[in-house]
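Asker: any chance you can model this:
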Amino acid sequence: MEKIVASMAGNVWKVVKNTGDTVTAGEDVVILESMKMEIPIAAEKDGTVKELKVAEGDFVNEGDEIAIIE
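Answerer: Take a look at the predicted model:
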């Protein structure tokens with residue numbers, strides 16, 4: 001199990017993968033927007049998105065959980 005966390009504070013600009021989707025290492029799960037920059041948040045290992053903890057428009061702080069990959 002891998003917990004994907006926000007690398008910085010920002011708004012969830014786009015959810016790329018949803019619960020049940022498969023991901024490969026390096027593939028984007030969500031894209032954050034902070035200070036007019038897009039910051040992709042990627043999976044670090046292959047797996048399936050077990051739980052998505054954010055929605056588009058949500059604000060996250062650095063270290064907040066975004067998703068769980070199994």
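Asker: then the helix or strand where residue 3 lies to PDB, C-alphas only?
Answerer: Element membership for residue 3 (DSSP states H and E) is strand 2-5. The C-alpha coordinates for strand 2-5 follow below in PDB (Å, rounded to 0.1, in the frame of the first residue of the first chain):
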ATOM      1  CA  GLU A   2       1.300   3.400  -0.900                       C
ATOM      2  CA  LYS A   3      -0.100   6.700   0.400                       C
ATOM      3  CA  ILE A   4       0.200   9.500  -2.100                       C
ATOM      4  CA  VAL A   5       0.600  12.900  -0.400                       C
END
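Asker: what lines up beside whichever helix or strand comes after it in the sheet?
Answerer: Counting by DSSP H and E, the element after strand 2-5 in chain order, helix or strand, is strand 10-15. Note on strand 10-15: by DSSP bridges, its sheet partners are strand 28-34 (antiparallel), strand 59-60 (antiparallel).
Asker: beyond the last one, next helix or strand please.
Answerer: Using DSSP H and E, the helix or strand that directly follows strand 59-60 along the chain is strand 65-69.
Asker: can you name every helix or strand that that following strand contacts?
Answerer: strand 2-5, strand 28-34, strand 47-52 (3 or more C-beta pairs under 8 Å, 6 or more residues apart in numbering; DSSP states H and E). C-beta: built from backbone N, CA, C; applies to glycine.
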